[in-house]
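Just the structure for this:
(one chain, ligands or ions: 1)
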Amino acid sequence: MDFRAYNREAWDREVERGDQWTVPFGPDVIEAAREGRWEVLLTEAKPVPRDWFPDLRGADVLCLASGGGQQGPVLAAAGANVTVLDNSPGQLGQDRLVAQREGLDLETVQGDMADLSRFADESFDLVFHPVANLFVPEVRPVWAEAYRVLRCGGVLLAGFLNPAVYIFDLELVDNTGEVRVRYSLPYADATSKSEEEARRQIERGDPLEFSHTLEDQIGGQIDAGFVIAGFYEDRHRDDPIAAHMPTYIATRAIK
Ligand SMILES: C[S@@+](CC[C@H](N)C(=O)[O-])C[C@H]1O[C@@H](n2cnc3c(N)ncnc32)[C@H](O)[C@@H]1O
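Model (predicted):
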């Protein structure tokens, strides 16, 4: 299966369905960001510490797999030169909508987070990569490309899932709230679920997910050349698994 093509259409559908990660920020958020009052999320609830960011005024920022008219426009309003790369035309349309509405200078690029070949080496000061690598089968190429396009001293801010969430039967959790261990890692919706369950997910048109080991998430950043200089955990808001453990991780990595 062509997962990238499938997830492109799936995320366009999420835009039509009004998923929370596709809803463009309003004029009040952008106006506040222009005045220096802003915060953005890499995960679900905890804002990224402001001291994780370089000075954004005039900084070249790549918002990686970060469409939806949210973080990109905020960082642009805070003074950065922002490029948003995303696989979903619908998600990028939300960024253009906010940029046009607010008169922000922001570039949108449709592409794959693992292939940044359209960008020259050392062309960004910050790569901002919120939780999204669950939608690609391999995460190490994403770290290698982020490293290549960052300038020396540049910063990669990344959010991702703790892979332990994937050992549970998430459909059972969704339907009954009961948390039951069912799967082994590595997990992928397309191959770990029963054929019938995977077929139903594809019929619903929901994005397909993949777990990644912490070795690939954290070790992968280090192997790409980064030094990890910041770390926090976060939780899904209304998820029974999050009652038992933090479900998200955020890292600050320096080239
Ligand atoms: C949970 S949303 C993240 C964006 C959101 N604005 C946020 O607040 O985090 C995940 C994003 O990853 C994008 N995506 C999925 N697969 C991708 C890929 N292979 N390359 C680039 N972006 C991808 C989706 O289109 C979607 O916009």
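
State the next helix or strand along the chain beyond the strand ranked longest in the chain.
What stands out as the longest strand in the chain, according to DSSP state E, is strand 150-161. Following strand 150-161 in sequence order, the next helix or strand is helix 170-176 (DSSP states H and E).

Pull out the buried residues from that next one.
Leu170, Val173 (16 or more other C-beta atoms under 10 Å). Where C-beta positions appear, they are placed from N, C-alpha and C, glycine not excepted.

Remind me what that helix packs against, helices and strands.
For helix 170-176, not one helix or strand is in contact under the criterion 3 or more C-beta pairs under 8 Å, 6 or more residues apart in numbering; DSSP states H and E.

hang on, Val127 in a helix?
No - per DSSP: H, G, I helix; E, B strand; the rest coil, Val127 lies outside any helix segment and is strand.

How many residues are close by it?
27 (other C-beta atoms under 10 Å).

Show the contacting residues for it.
Val61, Leu62, Leu64, Ala146, Val149, Leu150, Gly154, Val155, Leu156, Leu157 (C-beta atoms under 8 Å, 6 or more residues apart in numbering).

at 6 Å instead, please
Leu62, Leu64, Ala146, Leu156 (C-beta atoms under 6 Å, 6 or more residues apart in numbering).

so the last one bridges to which residues?
Partner residues in beta bridges with Leu156, using DSSP bridges, are Val127, Ala253.

Check the contact between it and Thr251; I expect there is one.
No - the pair Leu156 / Thr251 is not scored as a contact, 7.8 Å apart, by C-beta atoms under 6 Å.

Which of the two has more residues huddled nearby?
Using other C-beta under 10 Å, the more surrounded residue of Leu156 and Thr251 is Leu156, with 26 against 21.

Show the pLDDT at that one.
In the prediction, the pLDDT value recorded for Leu156 is 99.

Distance check, it against Arg34.
Applying C-beta to C-beta, to the nearest Å, the value for Leu156 to Arg34 is 26 Å.

and what of Ser194?
Taken as C-beta to C-beta, the span from Ser194 to Arg34 is 51 Å.

okay, those two: which has more neighbours?
Arg34 (15 against 8).

Count the neighbours of Asp234 for me.
21.

So it is in contact with Pro47, correct?
No - counting by C-beta under 6 Å, Pro47 is not a contact partner of Asp234; they are 9.9 Å apart.

So Phe210 is in contact with Pro186, correct?
No - using C-beta under 6 Å, Phe210 makes no contact with Pro186, being 7.3 Å away.

quick one, which of the two is more surrounded?
Phe210 (22 against 15).

phi, psi of the more buried one?
Torsion angles at Phe210 (phi, psi; degrees, to the nearest 10) stand at phi -140, psi 140.

At the contact with the ligand, which residues of the chain appear?
4, 7, 11, 21, 41, 65-68, 70-71, 86-88, 91, 112-113, 130-132, 135-136 (C-beta under 6 Å from any ligand atom).

how about a cut-off of 5 Å?
7, 11, 21, 65-68, 70, 86-88, 91, 112-113, 130, 132, 135-136 (C-beta under 5 Å from any ligand atom).

Looking at those residues, which are in strands?
Asp86.

What about the residues of the chain next to the ligand, which are in helices?
Asn7, Trp11, Gln91 (DSSP state H).
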